[in-house]
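S.K.: with the input below, show me the fold.
(2 chains)
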Amino acid sequence: MSVEKMPLRGDMSGFAAAWRKLFGFGGPVVDRIAVALVCLLLLVSIFGPWLTPHDPYTINPLAGLEPPGAAYWLGTDDVGRDVFSRLLAGAPLTILAAASVVVLATVIGVFVASIAALSPRWLDDIIMRITEIFLSIPSLVLALGLTAVLGSSLTSIIIAMVAALWPGTARVTRNILRETMTSAYVEAAQVMGVSRMRLMLRHALPNSMDAVYVLASMEVSGCIVMMAGLSFLGVGAPPPSADWGSMIAQGQEFITTAWWISLFPGLAITIAAVAFGLVGDAIRRLNDPTLRASR
Amino acid sequence: MSSQLIEVSGLTKRFGAMLALNDVSFELRAGEVLGLVGESGSGKSTAIRCMVGLEKPSGGRIAYDGVDLSAATREQMRRYRRDVQMIFQDPYSSLDPRMTVMQILEEPMLVAGGYTAAARRERVLYLIHRLGLHQEHLSRYPRHFSGGQRQRIAIIRALTVEPRVLLCDEPVSALDVSVQAQVLNLLKDMQKELGLTILFVAHDLAVVKYLCTRIVVLRRGVVEETGDVAQVYSAPKAAYTRELLDAVAVPDPQVERERRAARLTRLAAAR
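M.R.: Next up, the predicted model:
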């Protein structure tokens, strides 16, 4: 048979193929920039706190409201703290927190979705109606309410965000799983007598995860914005912590005279949100069957 | 051993108001190749899907070796799942795209249990060589194969656990005409070599004539005719069977033209 000589291009695991498509010759420039930005943001949020040129928390009234310059690259706030240092110190509070929220929400969402997809119709209906009740509460209100109950801290904001996000993931994943389970290879496995557990873990989930990854990376950007919103409203990590949302809030009263205090954290939030959104979009395009020729 | 392996009696299936199968009865005898034919929508796929448990019958019973499946014990059901394997119509969707060929071929044995890793490998290697694939194909994914090769992989998968019965749901209709014959010959060879019993669902009567010993003709969920292939083809009892037979093209333009003319006159007379 001629198959023996068949070229094995594109015969790589998902990650390697994705990497090659993004950084290899074919990938659009925007995707490559977005991936580079996301990598940079993740590095910054891991190592940022050790790279600060000034101490992000020391108050120095003599250097208050300095404009961006050689000493303070992005200026200082009203009590003389370096904005650039605070951005670095605040990166994990924003990006790592958002990423862990999405990871947790995805794990919970996929777990609930798997149970619903394996259940008989009536139980599936009950699970999904409960999920929809959660979904119908506006997420910002739910998060505000929960942080009010749990007290204002990073942990409670993460719990609140996870509570707000998992129902969406559960609903989308459950629908994808249900659809995957009607495909002929899942039916073939059923006919063989494959157990429901194996059916889910070996066939339905692996073939549904592409869409879940896309959803998750898009959710990260929504989550970054929402967490910034929450800490802007004052329910985030308590002061003096330097998460980007509360930095904007702090600079609010000086916006006409010292625009840099609010502008740079705002830009950082925007760049982070757009970068994660673009990466999500890039993953979606990689997995789009109509665009996927060699896979 | 009773010659009657699977008995379908009074099988009925409703989808909402639609009656897909209405009191369908037929039997599958040990060692035979039974053709289940009918146009699309006649219920032939539904019948096969009821037989493997992908659809729940609304009425009637399906018995394997004298055991009613709806009353079967766990152990009897396990045996049925192992003895009766199915081959799907579309080999492009019936193989899990994320599994290697080896993983795909091993799965029925893993599910059936009782095979060591070495035994599984030996069985897979024996079958792939017997059915014209190579060892290096085992680490590839279904997307690397043509339709005919994929259907061969599906057939190997079905044969790994040494089944007695193969239920084939139009196994060649999604394939290129040039490879249909290959796959059919393969099924025929395997049937003879392993003494398989085959239920072959098809809408192409030429294929059925080539492969089957008996046929059941379904129309709108009702059995129109049952009989030996030779007898049904030479002297169809039901008008519907005659229509189906007339629809088969004859590879001789002269004959085909005459047949077409005769068909038109007959239709005009009927009107």
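
S.K.: let me know the secondary structure of the residue in the stretch 1-150 of chain B that chain A sits nearest to.
M.R.: Relative to chain A, the nearest point of the stretch 1-150 of chain B is residue B:81 (3.4 Å; C-beta to the nearest C-beta). Backbone N, C-alpha and C define where each C-beta goes, glycine included. Three-state call for residue B:81 (DSSP: H, G, I helix; E, B strand; the rest coil): helix.

S.K.: list the contacts for it?
M.R.: A:191-193, B:111-112 (C-beta atoms under 8 Å, 6 or more residues apart in numbering or on different chains).

S.K.: for those, work out which two are farthest apart.
M.R.: Farthest apart among the contacts of residue B:81 by C-beta to C-beta are A:191 and B:112. That separation is 12.5 Å.

S.K.: which of those two has more residues huddled nearby?
M.R.: Higher neighbour count among residue A:191 and residue B:112: residue A:191, with 23 against 19, using other C-beta atoms under 10 Å in any protein chain shown.

S.K.: is whatever helix or strand the more buried one lives in up against chain B anywhere?
M.R.: Element membership of residue A:191 [criterion: DSSP states H and E] is helix A:184-192. Yes - judged by C-beta under 8 Å from any C-beta of the partner chain, helix A:184-192 and chain B are in contact via A:184-185, A:187-192.

S.K.: so which elements touch that helix?
M.R.: Helices and strands touching helix A:184-192, as assessed by 3 or more C-beta pairs under 8 Å, 6 or more residues apart in numbering or on different chains; DSSP states H and E, comprise strand B:84-87, helix B:101-112.

S.K.: got any ranges where the chain has weak pLDDT?
M.R.: If you meant another chain, say so; for now it's chain A. For chain A, the stretches flagged by pLDDT under 70 are A:1-27, A:287-295.

S.K.: ah, no, chain B please
M.R.: In chain B, residues with pLDDT under 70: B:1-2.

S.K.: and residue 207, what does it touch?
M.R.: Because you didn't say which chain, this covers chain A. A:180, A:183, B:96-98.

S.K.: that's the wrong chain, I meant chain B
M.R.: B:172, B:180, B:184 are the contacts of residue B:207 under C-beta under 8 Å, 6+ apart.

S.K.: would TSV of the residues you listed with secondary structure and distance to residue A:276 be doable?
M.R.: Converted to TSV, these look like this (DSSP: H, G, I helix; E, B strand; the rest coil; distance: C-beta to C-beta, whole Å):
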residue	secondary structure	distance to residue A:276
B:172	coil	48
B:180	helix	49
B:184	helix	53
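
S.K.: of those, which is the most crowded?
M.R.: residue B:172 (26 neighbours).

S.K.: re earlier: and which of the contacts of residue B:81 is nearest residue B:269?
M.R.: Of those, the one sitting nearest to residue B:269 (C-beta to C-beta) turns out to be residue A:191, at 46.6 Å.

S.K.: verify the contact between the closest one and residue B:53 for me.
M.R.: Yes - counting by C-beta atoms under 8 Å, residue A:191 does reach residue B:53; the two are 7.2 Å apart.

S.K.: wait, residue A:104 sits on residue A:162?
M.R.: Yes - shown here, residue A:104 and residue A:162 form a contact pair, counting by C-beta under 8 Å, at 4.7 Å.

S.K.: same drill for these two, tell me which one is more crowded.
M.R.: Between residue A:104 and residue A:162, counting by other C-beta under 10 Å, residue A:162 is the more crowded of the two (22 against 17).

S.K.: okay, the angle between whichever strand or helix holds that one and helix A:184-192?
M.R.: Applying DSSP H and E as the criterion places residue A:162 in helix A:154-180. Interaxial angle, helix A:154-180 versus helix A:184-192 (axes from the mean of the first three to the mean of the last three C-alpha atoms, to 10 degrees): 80 degrees.

S.K.: which strands and helices sit next to helix A:154-180?
M.R.: Partner elements for helix A:154-180 (3+ C-beta pairs under 8 Å, 6+ apart): helix A:97-118, helix A:121-136, helix A:139-150, helix A:209-232.

S.K.: for the helix or strand following the longest one, buried residues please.
M.R.: Scanning forward in sequence from helix A:209-232 by DSSP H and E, the next helix or strand is helix A:244-251. Residues of helix A:244-251 classed as buried by neighbour count (16 or more other C-beta atoms under 10 Å in any protein chain shown): A:244-251.

S.K.: just to revisit the earlier point, neighbour-wise, which of the residues of helix A:184-192 next to chain B leads?
M.R.: residue A:188 (27 neighbours).

S.K.: in which helix or strand does the residue nearest the centre of chain B reside?
M.R.: Nearest to the geometric centre of chain B sits residue B:168, at 1.8 Å (C-alpha atoms, centre = their mean). Using DSSP H and E, residue B:168 falls within strand B:165-169.

S.K.: need the residues that contact that strand.
M.R.: So strand B:165-169 is contacted by B:5-6, B:28, B:45, B:48-49, B:51-52, B:83-89, B:158, B:187, B:191, B:196-201 (C-beta under 8 Å, 6+ apart).

S.K.: which residues of the stretch 1-150 of chain B lie near chain A?
M.R.: So the stretch 1-150 of chain B meets chain A at B:52-54, B:77-78, B:81-82, B:85-86, B:88-90, B:93-99, B:107-108, B:111-112, B:132-134, B:136-137, B:140-141, B:143-146, B:149 (C-beta under 8 Å from any C-beta).

S.K.: change it to 7 Å
M.R.: Proximity of the stretch 1-150 of chain B to chain A, by C-beta under 7 Å from any C-beta of the partner chain, involves residues B:52, B:54, B:78, B:81, B:86, B:88, B:90, B:93-98, B:107-108, B:111, B:134, B:136-137, B:143-145, B:149.

S.K.: what is the burial count for residue A:69?
M.R.: 10.

S.K.: just confirm residue B:236 is within a helix.
M.R.: No - checked against three-state DSSP, residue B:236 lies outside a helix; its state is coil.

S.K.: correct me, but it touches residue B:243?
M.R.: No - in this structure residue B:236 lies outside contact range of residue B:243 using C-beta atoms under 7 Å: 9.0 Å.

S.K.: list the residues that contact both of those two?
M.R.: Counting by C-beta atoms under 7 Å, 6 or more residues apart in numbering or on different chains, residue B:236 and residue B:243 have no common neighbour.
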